[in-house]
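Enquirer: Based on what follows, work out the 3D shape:
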Amino acid sequence: MPEPPVDSPGRERPAPTPERPVRVLLADDDRLVRAGIAAILATAGDIEVVAEAADGAEALDLVRHRMLDVVLLDVQMPRLDGIRALERMGGERAAPPAAMLTTFSDEAYIAEAIRLGALGFFLKSDDPRHLIAGVRALAAGGAAFSPRVGRWLLRRQTGERADRATRARAAVEALTPRQRELLAEVGKGRSNAQIAQALHLSEGTVKQYLSALFTALGIENRVQAAIIAYEAGLDGER
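Expert: Next comes the predicted model:
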């Protein structure tokens, strides 16, 4: 593939239009894999691989000097792998959205990539239509994941919510009845004056009780208390 001219660094990246294809950087240490993925994307008509890299270091250099809409990074590459390249891209001004490519759905890689700002994660064995749709989504400002990765993310999110709820309920069970009552009022977003009226206490007493409540829960403010109340189901919304 002939290399297009290098763009001027520091220029603002124009949005893709029907007249201008989505400009993609493809980084993978396997030349045959790069050729295959580029051929798949070329069938879309509105997507063009304008730059290729054999490792993360080359990819970073291209990100700094090319006008790109989407970056596709292989997870495992020599010299600098895709995860570390993604991490360094986070420090670049106006870096394009990035997605990871891999041959297997390793949960540790997925979690680390998402933590570092990846907006997509694709398996090379996926249906080519998923990759094309994903690149379009990233170029439009969205996010996209392989169906198998998406299912893992859903399970993880559901599990995290369940874990937080379990911890919140355990923390609430360790409170006194009065503290649980107070926490429920905080969870409803009520002020100290409203809590005082509802519980037939003085505002000064409410302040003292709140201080003791925060200490018992190991938190610092009423926002954190409200979150615990919500997760434990004390806010009256469940």
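Enquirer: In contact with the spatially most central residue of the chain: list those residues for me.
Expert: For the chain, residue 114 is the residue whose C-alpha lies nearest the centre (Cα atoms, centre = their mean; 4.6 Å). Contact analysis of residue 114 by Cβ atoms under 8 Å, 6 or more residues apart in numbering lists 121, 153. Every residue, glycine included, has its C-beta placed from N, CA and C.
Enquirer: ok, now residue 122?
Expert: Under the criterion of Cβ under 8 Å, 6+ apart, the contact list for residue 122 reads 72, 99, 100, 101, 102, 130, 131, 134, 144, 145, 146, 149.
Enquirer: same thing with residue 21?
Expert: Residue 21 sits next to 45, 46, 47, 48 when contact means Cβ under 8 Å, 6+ apart.
Enquirer: ok, of those residues, which one's closest to residue 175?
Expert: Residue 175 lies nearest to residue 47 out of these, by Cβ to Cβ, at 56.1 Å.
Enquirer: So that closest one sits against residue 25, correct?
Expert: No: counting by Cβ atoms under 8 Å, no contact exists between residue 47 and residue 25, whose distance comes to 12.0 Å.
Enquirer: does residue 219 belong to a helix or a strand, and which?
Expert: Secondary structure here is read from DSSP states H and E; on that basis residue 219 sits in neither a helix nor a strand.
Enquirer: mind checking how far it is from residue 226?
Expert: Between residue 219 and residue 226 the computed distance is 10 Å (Cβ to Cβ, to the nearest Å).
Enquirer: which one of those two has more residues nearby?
Expert: residue 226 (18 against 15; other Cβ atoms under 10 Å).
Enquirer: can you confirm that one is in a helix?
Expert: Yes: counting by DSSP: H, G, I helix; E, B strand; the rest coil, residue 226 is located in a helix.
Enquirer: which residues sit in contact with residue 71?
Expert: Contacts of residue 71 by Cβ under 8 Å, 6+ apart are 24, 25, 27, 59, 63, 89, 95, 96, 97, 98, 99.
Enquirer: Can you read off the backbone torsions of it?
Expert: According to degrees, to the nearest 10, the main-chain angles of residue 71 amount to phi -120, psi 130.
Enquirer: that older thread, just the buried ones from the contacts of residue 71?
Expert: Listed as buried from the contacts of residue 71 are 24, 25, 27, 59, 63, 89, 95, 96, 97, 98, 99; burial here means 16 or more other Cβ atoms under 10 Å.
Enquirer: Look up how far residue 101 lies from the residue found closest to residue 28 once you drop the neighbours it is linked to in the chain.
Expert: The shortest distance from residue 28 to any non-neighbouring residue, by Cβ to Cβ, 6 or more residues apart in numbering, is to residue 74 (4.0 Å). Distance from residue 74 to residue 101, counting by Cβ to Cβ: 5 Å.
Enquirer: Between those two, tell me which one has more neighbours.
Expert: Neighbours per residue (other Cβ under 10 Å) separate residue 74 from residue 101, with residue 74 holding more: 26 against 23.
Enquirer: For the more buried one, give its distance to residue 216.
Expert: Residue 74 sits at a distance of 49 Å from residue 216 (criterion: Cβ to Cβ).
Enquirer: Likewise for residue 60?
Expert: To residue 216, residue 60 is 49 Å away according to Cβ to Cβ.
Enquirer: how's the protein carved up into domains?
Expert: Using automatic domain parsing, the domains assigned to the chain come out as 22-153, 174-231.
Enquirer: thinking again about what came up before, for the contacts of residue 21, name the two members farthest from one another.
Expert: Maximum pairwise distance in the contacts of residue 21, criterion Cβ to Cβ, is 9.2 Å, between 45 and 48.
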